[in-house]
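K.L.:
Predicted model follows, preceded by the sequence.
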Amino acid sequence: QLQLVESGGGLVQPGGSLRLSCAASGFTLDYYSIAWFRQAPGKEREGVSCLSVSGGSKIIADSVKGRFTISRDSAKNTAYLQMNSLKPEDTAVYYCNAVDIRTRANYWGQGTQVTVSS
């Protein structure tokens with residue numbers, strides 16, 4: 001079964017850090033561009049950051065610049081989102097998305113909750 005599974009979410013105090021993982025099973029991420037999205041309660045889903053097959057990364061959400069970093073580990077077939085200096089407004093369900101650059105096949109993970117609160 002082809003799927004993405006996110007993990008690493010949780011409750012963290014403001015200023016803390018979390019690393020989200022997005023593990024692929026049933027396919028290799030080597031031919032997929034990766035993106036992280038998030039959706040806060042009552043808000044639309046927004047793009048956070050994306051990573052191309054060649055390794056070029058881009059921050060989509062201005063609010064996370066300088067704090068979030070996207071990466072991938074091909075050996076582990078896993079993508080990551082390192083989140084530092086977390087703020088309450090980062091509270092959301094975070095989703096990873098993978099798009100096959102050859103076929104445009106598109107996969108979403110189930111989401112992982114991140115709550116930033118004191």
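P.N.:
Cool, got the structure. Numbering: from 1, shown residues only.

K.L.:
use CA for all of it now, contacts and neighbours both
P.N.:
Noted.

K.L.:
any idea which residue sits dead centre in the protein?
P.N.:
residue 36 (3.2 Å; Cα atoms, centre = their mean).

K.L.:
quick one: contacts for that residue?
P.N.:
Under the criterion of Cα atoms under 8 Å, 6 or more residues apart in numbering, the neighbours of residue 36 are 47-50, 81, 94-97.

K.L.:
now swap in residue 19 and tell me
P.N.:
With contacts defined as Cα under 8 Å, 6+ apart, residue 19 is in contact with 8-9, 80-83.

K.L.:
can you list these in a markdown table and add pLDDT, secondary structure and distance to residue 64?
P.N.:
As requested, these are exported to a markdown table (pLDDT from 0 to 100; DSSP: H, G, I helix; E, B strand; the rest coil; distance: Cα to Cα, whole Å):
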| residue | pLDDT | secondary structure | distance to residue 64 |
| --- | --- | --- | --- |
| 8 | 97 | coil | 18 |
| 9 | 97 | coil | 17 |
| 80 | 97 | strand | 15 |
| 81 | 97 | strand | 11 |
| 82 | 97 | strand | 11 |
| 83 | 98 | strand | 8 |
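
K.L.:
I'm done for today, thanks for sticking with me.
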